[in-house]
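Novice: Sequence first, predicted model second:
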Amino acid sequence: MQRVLIVEDSKVVQQILRHLASQHLDVEIDFAWSLKETQALLESQHYTLALVDLTLPDASDGEVVQLTLSRNVPTVVLTSKIDEYSRQQMLEMGVVDYVIKDNRDSYLYAIKLVSRLLRNEGCQALIADDSMISRAVMRQMLEKQLFTVFEAQDGEQALNMLNAKPEIKLLLTDYAMPTMDGFELVKAVRNSRGRDDLAIIGLSGAGSHGLSAKFIKYGANDFLTKPFMNEEFHCRVMQTMDQLNLIADIKEYAHRDFLTGLYNRRYFCQHMDKVLKNKPDQFTLALLDLDHFKAINDEYGHLGGDKVLSQAAELLNSSFNHCLVARVGGEEFAVLMPGNDLSVAKDSCQDFRERFANTQFMIQDQALHCTLSVGIARCDKATLSDVMRAADNALYQAKEAQRNCVMVSES
Ligand SMILES: Nc1nc2c(ncn2[C@@H]2O[C@H](COP(=O)(O)OP(=O)(O)OP(=O)(O)O)[C@@H](O)[C@H]2O)c(=O)[nH]1
């Protein structure tokens, strides 16, 4: 679990930060008022990140920043004023970034910055540059932003690493490199990794006119001219990662059912198309439909029915945690199970059907029971409609029988 330390001696500012942190940060947070208190907390806890006020009553000269950095806690500084000397001093000390407290929005900016940095933790970045010094400088800056960093000395090595490690989400690439230059690298990478999957920042020395536009035309998200200021590097990387995260969030929303949080029909169909194309003989599909659900809606209202659907989805998710579970209709769910042994799939669905029938669903303080019918089919059919039709026919038979049962498609 990530943990953040916030050090601020002003009661009012601490209150504002507490409020904003509760809205934007979903991590453990400790607050300290002084250097002494910070020392005590650092003895007892491990922190992912610290947001600290530069001047405290018992530490008027930035000693708290030195303390958090000496404990290897990446640190963002809050300061009421900044001049060139103190800016240099902070950067030399190795702070991640600084935020000037000159208006209420500064605190929101600081908390959002912390949130963005926390999101970087565990995220992998690759630096492609033939200069060892440049790589070392960028590695240091990226590690301060909590990235896990890899290095490549030329374009070809970078391309191989990107192919082998789809977890890499950020590429920083120089233009002039042996074997394959930055443009060729970006072009080659974009054949397989879209802008929604990998963020790219192009780099080049000053005076290389037109390179920025060319990098972006080939598929880079942004461009930096070397030498760059620490703050510029920091902002560009954060902004680029923001875009990537935003796309990931939008994709996640588009793939999820609003009521239950399960995957929706659109995602299910996309996923099934891939399965049917690549390994259809390795999966079995089950369609599960709640019995007499209309009667539940009639008795408890639509909101009551929604509560049952949400609880049914939770039960499905926890029971089939190794499968893809989706809501494919109003009160209809799909479970894509690994393996093509119909008797194994039938046993799993029978167990679940029983568990479901024995579950007490709660609508406010009223308890009710509900059952479901299940149709199962192998995925080794030609198209998605064929597989769905087969599972649907089996489901129809289950409804025709006595409901609350599992039927298997023999076709
Ligand atoms: N509360 C709620 N109800 C929904 C939702 N989507 C569909 N329904 C209801 O689900 C009910 C489905 O009714 P039917 O198709 O007649 O099926 P059933 O009553 O479950 O009967 P069988 O399937 O034959 O056992 C309808 O009343 C729909 O209004 C939803 O998102 N929320």
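Specialist: That came in fine, so what should we check first? Numbers count the residues shown, from 1 in each chain.

Novice: immediately after the helix or strand hosting residue 23, which helix or strand?
Specialist: Counting by DSSP states H and E, the element that carries residue 23 is helix 11-24. As assigned by DSSP H and E, the chain's next helix or strand after helix 11-24 is strand 28-32.

Novice: Let's see the helix or strand that that next one is followed by as CSV, backbone CA atoms only.
Specialist: Using DSSP H and E, the helix or strand that follows strand 28-32 in sequence is helix 35-44. Extracted in CSV, the C-alpha atoms of helix 35-44 (Å, rounded to 0.1, in the frame of the first residue of the first chain):
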residue,chain,number,x,y,z
LEU,A,35,10.5,18.6,11.9
LYS,A,36,10.4,16.6,15.2
GLU,A,37,7.1,15.0,14.3
THR,A,38,8.4,14.2,10.8
GLN,A,39,11.5,12.5,12.3
ALA,A,40,9.2,10.3,14.5
LEU,A,41,7.0,9.3,11.6
LEU,A,42,10.0,8.5,9.4
GLU,A,43,11.2,6.2,12.1
SER,A,44,8.0,4.2,12.1
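
Novice: pLDDT averaged over helix 35-44 - what is it?
Specialist: For helix 35-44, mean pLDDT is 96.

Novice: One more: stretch 375-394?
Specialist: Average pLDDT, stretch 375-394: 92.

Novice: contacts for the helix holding residue 23?
Specialist: Identification of contacts with helix 11-24 by Cβ atoms under 8 Å, 6 or more residues apart in numbering yields 4, 6, 8, 29, 31, 33, 51, 53, 101, 104, 107-108, 110-112, 114-115. The C-beta positions use only the backbone N, C-alpha and C, and glycine is treated the same way.

Novice: Any quick PyMOL command for the buried ones out of the residues you listed?
Specialist: Applied in PyMOL, the following selects the buried portion of those according to 16 or more other Cβ atoms under 10 Å:
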select buried, resi 4+6+8+29+31+33+51+53+101+107+110+111+114+115
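
Novice: tell me which parts of the chain are close to the ligand?
Specialist: Residues of the chain found near the ligand (Cβ under 6 Å from any ligand atom) are 259, 289-294, 297, 302, 305-306, 309, 330-331, 399, 403.

Novice: Next, work out how far apart whichever residue of the stretch 1-150 of the chain sits closest to the ligand and residue 271 are.
Specialist: Here the stretch 1-150 of the chain gets closest to the ligand at one residue, residue 26, 27.8 Å apart by Cβ to the nearest ligand atom. Applying Cβ to Cβ, to the nearest Å, the value for residue 26 to residue 271 is 28 Å.

Novice: now swap in residue 163 and tell me
Specialist: For residue 163, the distance to residue 271 (Cβ to Cβ) stands at 23 Å.

Novice: out of these two, which sits in the more crowded spot?
Specialist: Higher neighbour count among residue 163 and residue 271: residue 271, with 16 against 13, using other Cβ atoms under 10 Å.

Novice: Grab the nearest non-local neighbour of the more buried one.
Specialist: Excluding the flanking residues, the one nearest residue 271 by Cβ to Cβ, 6 or more residues apart in numbering is residue 324, at 6.0 Å.

Novice: So what sits opposite that neighbour in the bridge?
Specialist: Beta bridges link residue 324 to residue 336 when assigned by DSSP bridges.

Novice: my read: it touches residue 270, true?
Specialist: No - with contacts counted by Cβ atoms under 8 Å, residue 324 stays clear of residue 270, the gap being 11.0 Å.

Novice: The two: who's more crowded?
Specialist: For residue 324 and residue 270, the more surrounded residue by other Cβ under 10 Å is residue 324, and the numbers stand at 19 against 13.

Novice: OK, contacts around that one?
Specialist: Residues in contact with residue 324 (Cβ under 8 Å, 6+ apart) are 263, 268, 271, 334, 335, 336.
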